[in-house]
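Q: Have a look at this fold, sequence not included:
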C-alpha cells in the first residue's frame, strides 16, 4: 500500500500550486480520501475530505474558497489545487485514505510533500 504525494515546492504569496497523491496497493474508489497538513510547531490540521459515497468534499475554514480537491478514481489519484496561497499555508501536506468497517477503521498515510509560501 502506498500513497505517493508530489508537487510541493516554494511559491510566492498569492501564487498557486497543485499537489498530487497517487494511490497503489488498494482500491481507492472504496476509500474516503483527504489532505492533512502540519506546520512546524503546530498540530496536524485536516484541510479536506472527499467522500467515496457521493463525491462531496468538505474543507477546513482556513482553506475554503482557495483550495479544491479533485478526485480521479480511474487514475487512483487525488489532487489538491491550492490558489491564493498565504505564508500560513506553509506546511508538510499529507494525503490520507480511510475506510470504515464495522468495529474497525483502516487508515493509510502518504509520506508528505513540503509546501513553502514565501517571498
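A: In hand now; what should we look at? Bear in mind the structure is a predicted one, so any value in this text is a computation, not a measurement.
Q: What residues are bridge-paired with the residue nearest to the spatial centre of the chain?
A: The centroid of the chain falls nearest to residue 35 when counting by CA atoms, centre = their mean (2.3 Å). Beta bridges link residue 35 to residue 48, residue 95, judged by DSSP bridges.
Q: Distance check, it against residue 84.
A: Distance of residue 35 to residue 84, given as CB to CB, to the nearest Å: 17 Å. (Glycine included, C-beta is placed from N, CA and C.)
Q: now residue 26
A: Remark: distance between residue 26 and residue 84 (CB to CB) = 33 Å.
Q: okay, the two: which has more neighbours?
A: For residue 26 and residue 84, the more surrounded residue by other CB atoms under 10 Å is residue 26, and the numbers stand at 16 against 13.
Q: Does that one belong to a helix, a strand or coil?
A: Here residue 26 is coil, with the state taken from DSSP: H, G, I helix; E, B strand; the rest coil.
Q: Let the chain start at 36 from now.
A: Yep, numbering from 36; the last one is residue 61 now.
Q: Tell me how far it lies from residue 126.
A: To residue 126, residue 61 is 25 Å away according to CB to CB.
Q: same deal with residue 48?
A: From residue 48 to residue 126 the distance is 15 Å (CB to CB).
Q: Tell me which of those two has more neighbours.
A: residue 126 (22 against 13).
Q: So that one is in contact with residue 71, correct?
A: No - in this structure, residue 126 is not within contact of residue 71 by CB atoms under 8 Å, at 9.2 Å.
Q: per-residue confidence averaged over stretch 64-78?
A: Mean pLDDT, stretch 64-78: 96.
Q: buried set for it?
A: Buried positions in stretch 64-78, judged by neighbour count with 16 or more other CB atoms under 10 Å: 66, 68, 69, 70, 71, 72.
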